[in-house]
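Colleague: predicted structure and sequence below. I'll ask about it afterward.
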Amino acid sequence: MLTLDTRVPAVLLRMDPNPFHHGTLGAVRSLGRAGVEVHVAAADSGRSPVRRSRYLHQTHPPPDPGASLGEISAELRRISRRVARPAVLIPMDDAGALAIGRLQRELADLYLLPDQASGLAERVADKAALAELCRTAGIPHPLTLTPESPAQTASAVRQLGLPMVAKWSRPWLVPPGAGLRSTVLVRSVKEAQELYRRSDEAGSRLLLQAFLPDGPGRDWFAHGYVDRTGAVRGGGAGRKHRSWPRGAGLTAVGRWAPDPRLEADTARLVGTLGYRGIFDLDFRVDSATGEHCLLDFNPRPGAQFRLFADGADLDVVRALHLDMTHRPLPPAAALQGRTFVVENYAPLTALRALLTTGPAATAAHRRELAWLARDDLAPACALWLLWSRHVTRRLLGRLRRGRPVPRRPAPETPAPETPGSETPGSETSGPKKPGSKAVPGPEMPGSTTRERAVADV
């Protein structure tokens, strides 16, 4: 039985406006069920189903979109004054993680934070730096080239073959409204050269990367928490069985599937980095070599982190709170085969789960639903009302524009992004989650997390 220090509250920060972010609800419930007072500062908190959770103590205004680093710091200080005592601060998206990474020393007197090396979160978010880190640590990574001219771009395309993946090394610097996506699937030399010529506009180097096709069993992820001693605690390795959008997006159905080789690679990478805190890594299997290639390193909880709630109900969020309050972390108690289902992205799978096991068993060791929980029903009810309105608006908008209506509602943004940037099915092979990183402020990393796919459905 885990015993968290209920005197210490938690503040969840999410700067990306996405009312359907189930990871935020998972963190609220995980800590709230343990008796921790949970506060949320999220851009969509006014209409998100998360605000209906019985385990949420209070919501707070988040930093404004495009806020500078100074403005983010000022808002976090205001939230700290309202909470009135030191709290564990947990970023739930990339923008929040990168901002906190740069403000760590400034916030150390107000919040309990892992002792992370300055600039490390931004370093792993830089796609060019990530490729180099993988080479240093001996972690498989798709072949990545950085052309220095249009001629080198053409040569790189010939070497990598078509289709191939193009991405900006620092996607948070891409200006909004520029018509540039952080990651795209390139199908011609001309297209690659046109992107290269926009490097100055994008604000960072263009990377060209080998395309790894998706397929059954090829998308994997690894979650964990690195404690103050450098040991990986909580989390595990999982396989994505269904994604949204299909083949290139967030995890709609995932299964806990321990993989010693993948877990050893993960431990070696975070050890090489000296990383501390929660991480979420995305991989895709290279069909030619059978290796798990790292596509993305997210210095925060993944939306499906509750998949790895073990036999003691320890997950990465609880591990962080225990470690920050100097409480002991229990030994691992893996639950191989446990599944996690996001109902609005995999409704038939969720329905089958309910019909075969019932709500009580669904919430127990064998399976967990992202929204429905028998001890906290209101968020699921609010979700379906909001989701129905959302999908209806999207379909009506397509009809008014004379566009064909897909058999299933799908993001309207261009084809999902690909390998190397944000999620297992998203960056491994080809297209990945849709959307582009918002820019919270001058040179402040934004957030193009796989969880954003929902906002544009």
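Modeller: In hand now; what should we look at?
Colleague: C-alpha from now on. contacts and neighbour counts both.
Modeller: Will do.
Colleague: where along the stretch 51-200 of the chain do the strands fall?
Modeller: 58-60, 87-91, 111-112, 144-145, 164-168, 183-186 (DSSP state E, counting those that start in this stretch).
Colleague: nearest to W384, out of these?
Modeller: strand 58-60 (21.4 Å; C-alpha to C-alpha).
Colleague: out of the strands of the stretch 51-200 of the chain, which is closest to G230?
Modeller: G230 lies closest, by C-alpha to C-alpha, to one member of the strands of the stretch 51-200 of the chain: strand 111-112, at 17.1 Å.
Colleague: which neighbouring elements make contact with that closest one?
Modeller: strand 87-91 (3 or more C-alpha pairs under 8 Å, 6 or more residues apart in numbering; DSSP states H and E).
Colleague: send the alpha carbons of the lengthiest strand in the chain over as CSV?
Modeller: If you go by DSSP state E, the chain has its longest strand at strand 232-244. The C-alpha trace of strand 232-244 is given here as CSV (Å, rounded to 0.1, in the frame of the first residue of the first chain):
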residue,chain,number,x,y,z
VAL,A,232,14.6,4.1,-13.1
ARG,A,233,11.4,3.5,-11.1
GLY,A,234,7.9,2.9,-12.1
GLY,A,235,6.8,2.7,-15.7
GLY,A,236,7.7,0.0,-18.2
ALA,A,237,7.7,-0.9,-21.9
GLY,A,238,4.4,-1.0,-23.8
ARG,A,239,3.1,-1.8,-27.3
LYS,A,240,0.7,0.3,-29.2
HIS,A,241,-2.1,-1.8,-30.6
ARG,A,242,-4.2,1.1,-32.0
SER,A,243,-3.4,4.7,-32.6
TRP,A,244,-5.3,7.9,-33.4
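Colleague: buried sites along it?
Modeller: Across strand 232-244, burial judged by 16 or more other C-alpha atoms under 10 Å covers 232-244.
Colleague: now stretch 139-151: mean pLDDT?
Modeller: Across stretch 139-151, the average pLDDT comes to 96.
Colleague: and stretch 264-284, end to end?
Modeller: 16 Å (C-alpha to C-alpha, to the nearest Å).
Colleague: typo on my end, it should be stretch 186-204
Modeller: Terminal residues of stretch 186-204 are spaced 18 Å apart (C-alpha to C-alpha).
Colleague: so for it, what gets flagged as buried?
Modeller: Buried-residue list, stretch 186-204, by 16+ other C-alpha under 10 Å: V186, V189, A192, Q193, L195, Y196, A202, G203, S204.
Colleague: what sits closest to L89 if chain neighbours are left out?
Modeller: Closest residue to L89 apart from its sequence neighbours, by C-alpha to C-alpha, 6 or more residues apart in numbering: V11 at 4.9 Å.
Colleague: quick check: which element contains that neighbour?
Modeller: According to DSSP states H and E, V11 maps onto strand 10-14.
Colleague: that strand to strand 87-91, inter-axis angle?
Modeller: 20 degrees (axes from the mean of the first three to the mean of the last three C-alpha atoms, to 10 degrees).
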